[in-house]
Structure formats: C-alpha cells, structure tokens
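Engineer: Show me how the following folds:
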Amino acid sequence: MRIATWNVNGLRARLDFVRHWLEARRPDVVGLQELKLTEAQFPSEELGELGYRALVHGQKAWNGVAVLVREPLDAEILQAGLPGQDDMGARLLQARTGDIVFTTVYVPNGKNLEHEDYGRKLAWLDALSAWWAEHGGETAVLCGDFNIVPAPLDSWNEAELAGQIFHTDEERGRFEKLLGQGLADLFRQARPEDQAFSWWDYRGGAFHRGHGLRIDFLLGSPPVARRVAAVEIDRDYRKKKDGLTASDHAPVIADLADG
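Structural biologist: Below is the predicted model of the structure:
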C-alpha cells in the first residue's frame, strides 16, 4: 500500500498538477490539506476518472482537508473537524480504509510569536493530542501539514530561526507529545540522518537555494511503522510540470508492505 500526504495550496488552482501526480505516483490513500474550497466545489468527478474516491471536509476559500482512496479500496468518514476547535476552520478529517484509521490534519500556522494565532495554534495542538489519545486507533496514520519543524536537522537555518515560529520549544514539545503516544515519524524512522525539506517559500528562490523546512509528516502507529518499506519526500513535484505551477509543499510518500 502506498500512502501519502500533501498540502496542495489551493486545489482548484492545482487540480491539473494533482492529477499529473496521481497518475505518475498512483498512491492508494492520500491526505490533502489546504483545499480552499467547499465540499460542493470539490472536483470529485475529475478525480473519480482517475479511480479515486474523495472524502472531504471543506471550507470556502480557506483551510479544508480531504482523503483520497484509490479503487477498489473503500473508506468511511469517522470524524470531520477537531472537536472544540470549530472556530479554527476545517482542519481535520479521519477515515477508515481497509485496516487503517487514516487521519489528515492542517495545523494552524500561528503567524508569529506575538500574534494571537500562536496561542490558538498551541491550543489546537493540545486538543489534537487529547483527541488522538481517545480516537487514534491501533493501526493508524496521522498525516498532514503540521507547521512545526521538529528538530534542527529539519530546518535550513536552525541557528538563525531557533525560537521563531515553527521552531519554538512549545511547538516542538507538542509534536513530541504526539509521538509519545506511540506514533513514529515514518520519514525520520527510515532516514534518521537525512536533511530533507517538504516546504519552500515561493519567494527569493528558496527552493533552488535549499532554504526549506520539513513540516509535512506521515506519522504511524507501531503496526504501520513496522510495515514501512520506503519513505520519500517527492521533491520532484515541487517543480513545475508541463507548464503547471506546483504547490509550495512537496508530497510525502510511504510504501507499506502487506500487513
């Protein structure tokens, strides 16, 4: 089974690019974030032509998450939205597909340490951790854009950025708390010493200069982590394809051996 996560940064603007990736990589289950559209606006028919069923928790112009499942796999929604955090928008969707409970999240950005959204981000992460403790599932994947750099290795410039947004002890501590519930960072498990990034700013030639951050994750419970055969950040799909503009995030992909 091939699973993946991807912040697409606006699905309507990126639909042809996403189709290109789906045809090239053929993932079985994908968590998408930052759709920026409602359920009614979701291009279910277009993705259905490629053999994908979509479960969607959308929001007009902002946020929005989805789970794509490739036929013949089936899926059902278990939870749409993080309880108690409705004011932060459509940022969580949990589905069951096969033997896996698959959850995709789009963690609030937080903006900066002086902004009120920073405290709201920490509260959202606390709510996620509490909810996951009750609803994570034994065979589970938690994936998405976490807007957190877990460790110095995951930043292009830890010396300058340490203590700034994404790099704070408070954010990192909350990420560690999630991992402490039995989740493994599948990329870091497979590549403990590799410096690789999943997000690069559009500005200033950041991608070509290597100025990136690793903030997109596939986290897995022990039964999932034991099945990992390969993990990669699909950096090639941070580049333009056939004249189509990429998201500022690259997909993260993991191949799981049969359970």
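Engineer: May I see the buried residues of stretch 235-244?
Structural biologist: By 16 or more other C-beta atoms under 10 Å, the buried positions in stretch 235-244 come out as 237, 238, 244. Quick note: C-beta positions are derived from backbone N, CA and C, even for glycine.
Engineer: what does stretch 35-53 give?
Structural biologist: Within stretch 35-53, the residues scored as buried using 16+ other C-beta under 10 Å are 35, 36, 37, 39, 41, 42, 44, 47, 52, 53.
Engineer: now do stretch 205-222
Structural biologist: For stretch 205-222, burial by neighbour count (16+ other C-beta under 10 Å) applies to 206-207, 211-221.
Engineer: The buried residues of stretch 235-244 into JSON lines, with extra columns for secondary structure?
Structural biologist: JSON lines is the format used below for the buried residues of stretch 235-244 (DSSP: H, G, I helix; E, B strand; the rest coil):
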{"residue": "237", "secondary structure": "helix"}
{"residue": "238", "secondary structure": "helix"}
{"residue": "244", "secondary structure": "strand"}
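Engineer: closest to residue 138 among those residues?
Structural biologist: Checking those against residue 138 by C-beta to C-beta gives residue 237 as the nearest, at 31.6 Å.
Engineer: tell me the contacts of the residue lying closest to the closest one once chain neighbours are set aside?
Structural biologist: Distance criterion C-beta to C-beta, 6 or more residues apart in numbering; nearest residue to residue 237, sequence neighbours excluded, is residue 21 at 5.3 Å. Residues near residue 21 by C-beta atoms under 8 Å, 6 or more residues apart in numbering: 6, 234, 237, 251.
Engineer: Looking at residue 21 now. What's its pLDDT?
Structural biologist: What the model reports for residue 21 is a pLDDT of 98.
Engineer: Give the helix, strand or coil label for it.
Structural biologist: Under the three-state scheme (three-state DSSP), residue 21 adopts helix.
Engineer: Any figure for the gap between the spatially most central residue of the chain and residue 7?
Structural biologist: Centroid-nearest residue in the chain: residue 144, 1.6 Å away (criterion: C-alpha atoms, centre = their mean). Separation of residue 144 from residue 7 (C-beta to C-beta, to the nearest Å): 8 Å.
Engineer: same question, residue 98
Structural biologist: 24 Å.
Engineer: Counting neighbours around each, name which of those two comes out higher.
Structural biologist: Each of residue 98 and residue 7 has its neighbours counted (other C-beta atoms under 10 Å); residue 7 has more, 26 against 15.
Engineer: who touches the more buried one in this structure?
Structural biologist: By C-beta under 8 Å, 6+ apart, residue 7 lies in contact with 32, 33, 34, 106, 144, 145, 199, 216, 247, 248, 249.
Engineer: Tell me the bridge partners for the second one.
Structural biologist: On the basis of DSSP bridges, residue 33 is bridged to residue 7, residue 65.
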